[in-house]
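K.L.:
sequence first, predicted model second:
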Amino acid sequence: ELKVEQNPLFLSMQEGKNYTIYCNYSTTSDRLYWYRQDPGKSLESLFVLLSNGAVKQEGRLMASLDTKARLSTLHITAAVHDLSATYFCAVYNNNDMRFGAGTRLTVKP
Amino acid sequence: AAGVIQSPRHLIKEKRETATLKCYPIPRHDTVYWYQQGPGQDPQFLISFYEKMQSDKGSIPDRFSAQQFSDYHSELNMSSLELGDSALYFCASSLWPRGQNTEAFFGQGTRLTVV
């Protein structure tokens, strides 16, 4: 059965700092998603990564995928307060997406 | 642009009652996924449909059933509701993941409270 593990689960950052969230998964997959969720809100699609070595960037967020290591990273550059949210990775496998536990990010001034 | 529409947004039911949640996917999307998210939890996959056929099944209780209709909207039917069914229920839609057509978009969710 596919397992998706994220770490850290909680992350408190200062504004201006950099950090990386990791997503490991247990079986082969040809696509990985990153979502952002604000409290009580829906999941907002950030990135879809389709191939080994894929890298996508949007603003202060950059996601990468290593299918051989079954690892994706979400890198945050120079964090700002409005990045505070929960970030989920999800791995596509057998007709569904399975989510990691989420990383609750808090960016402090 | 049209997004995934879920109704109702909020629902309060008593134990042992039934509930029906509806999901209207983005136009032309042929795949629908249902998820349940408890407080502070990650979304748990329930069931998915492609072209009106069930494509995968996750941790969906036997008390729940779902279907996708000819217009691609989907309904999640929940019977004999229990307190533990209180959660946010999300629907997502996508084109069947092939090639680059793969992004899945989520609706705003239905918050079900069982009292």
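P.N.:
Thanks, I have it. Everything numeric here is computed off the predicted structure, so don't read it as measured data. Residues are numbered from 1 along each chain as shown, chains lettered A, B, ... in the order given.
K.L.:
up against chain A, what does chain B have?
P.N.:
B:33, B:35, B:41-45, B:48, B:50, B:55-56, B:58, B:88, B:90, B:92, B:97, B:100, B:102-109 (Cβ under 8 Å from any Cβ of the partner chain). The way it works is simple: take the backbone N, C-alpha and C, and place the C-beta from them, glycine included.
K.L.:
show me which of those are buried.
P.N.:
B:33, B:35, B:42-45, B:48, B:50, B:55-56, B:58, B:88, B:90, B:92, B:97, B:102-109 (16 or more other Cβ atoms under 10 Å in any protein chain shown).
K.L.:
who are the neighbours in contact with the residue nearest the centre of chain B?
P.N.:
Computing the C-alpha centroid of chain B and ranking residues by Cα atoms, centre = their mean puts B:Trp34 first, at 3.1 Å. Taking Cβ atoms under 8 Å, 6 or more residues apart in numbering or on different chains, we find B:Trp34 in contact with B:Cys23, B:Phe45, B:Leu46, B:Ile47, B:Ser48, B:Ile60, B:Ala66, B:Ser74, B:Leu76, B:Tyr89, B:Phe90, B:Cys91.
K.L.:
going by neighbour count, which of these comes out on top?
P.N.:
B:Cys91 (29 neighbours; other Cβ atoms under 10 Å in any protein chain shown).
K.L.:
contacting residues for that residue?
P.N.:
B:4, B:6, B:21, B:23, B:25, B:32-35, B:74, B:76, B:106-107.
K.L.:
may I ask which helix or strand of the chain has the lowest mean pLDDT?
P.N.:
Just so you know, I chose chain A. Sorting the helices and strands of chain A by mean pLDDT, DSSP states H and E puts strand A:96-99 at the bottom, at a mean of 86.
K.L.:
wrong one, I was asking about chain B
P.N.:
strand B:53-57 (a mean of 89).
K.L.:
which helices and strands does whichever helix or strand comes after it pack with?
P.N.:
Sequence order places strand B:64-68 as the next helix or strand after strand B:53-57, per DSSP states H and E. Counting contacts by 3 or more Cβ pairs under 8 Å, 6 or more residues apart in numbering or on different chains; DSSP states H and E, strand B:64-68 packs against strand B:44-50, strand B:74-78.
K.L.:
go again with 6 Å.
P.N.:
Under the contact definition 3 or more Cβ pairs under 6 Å, 6 or more residues apart in numbering or on different chains; DSSP states H and E, strand B:64-68 sits against strand B:74-78.
K.L.:
no more questions from me, cheers.
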